[in-house]
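# Below is the sequence, then the predicted model.
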Amino acid sequence: MTTTPLPSRSQRLKAATATIHDTLDRRIMALDPFSSTERYLRFLRAQQAFHAALAPLYAAPQLWTLIPDLAERDRSAAIAADLADLGASAPVVADGDSVEPVDMSTALGWLYVAEGSSLGAAFLLKAAQQIGLSTDHGARHLAGHPEGRAAHWRRFTARIDAADMTPEQEDRMIAAARDAFARFRALADAAFA
């Protein structure tokens, strides 16, 4: 008799956020952020605001124990360089509420969304290349990790799976991930308004 393995915590998180994630993806593509440099700048400003809100998580030493390479995963500097490449000053952050590392499970939910966006950025990079951008100019934040996007993502999700978490903490992580998807949607809508 063979048994089906139970889904991992990261797989449960993916399943629990699939609807809001798919809705966000469709919304972003409906905004047509890669039809022109001007529209891409709007997308980039939403990215900047989202990553600025997450800066306290990437800088939190208490999270480095679980995710030793967390600080180097922060894409804020790449986003600032992309803005400079396109002659745009760093924007005023539209939503100044920072995400503080109040607990590990909430932090992991927010980071799951940010890190997952790097995995999906391969598709976005191809679209950015159609308007003359590259990982050397204007689309640095969409670049893959040198060891590969998938390997980088698997290393992150393995940390989620390894975290010591109660069912209540896992519920908080899922709620935080949903909040992160909703926050990016609100920032994108504001940037394109």
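Great, that's in hand. Numbers count the residues shown, from 1 in each chain.
# give me the number of residues near residue 172?
When neighbours are counted by other CB atoms under 10 Å, residue 172 registers 20. In this view, the C-beta of every residue, glycine as well, is placed from N, C-alpha and C.
# for residue 109, same thing?
26.
# For residue 183, see how far away residue 83 is.
Look at residue 83 and residue 183: by CB to CB, to the nearest Å, they are 20 Å apart.
# Equivalent analysis for residue 190, please.
For residue 190 relative to residue 183 (CB to CB), the value is 11 Å.
# any idea which element the residue most central in space within the chain lies in?
With distances taken as CA atoms, centre = their mean, the residue of the chain nearest its centroid is residue 114 (1.7 Å). Secondary structure assigned from DSSP states H and E places residue 114 in helix 104-129.
# That helix: how far from the chain's middle?
Distance of helix 104-129 from its chain centroid, counting by CA atoms, centre = their mean, to the nearest Å, is 3 Å.
# Tell me the buried residues in that helix?
104-119, 121, 124-125, 127-128 (16 or more other CB atoms under 10 Å).
# For residue 60, which non-adjacent residue is closest in space?
residue 101 (4.0 Å; CB to CB, 6 or more residues apart in numbering).
# got a list of what the one you found touches?
56-57, 60, 62-63, 107 (CB atoms under 8 Å, 6 or more residues apart in numbering).
# re earlier: now what about the next helix or strand after the helix holding residue 114, what contacts it?
Elements were assigned by DSSP H and E; along the chain past helix 104-129, the next helix or strand is helix 149-162. By CB under 8 Å, 6+ apart, the list of residues contacting helix 149-162 from outside reads 8-10, 13, 66-67, 69, 73, 108, 111-112, 115-116, 118-119, 121-122, 144-145, 173.
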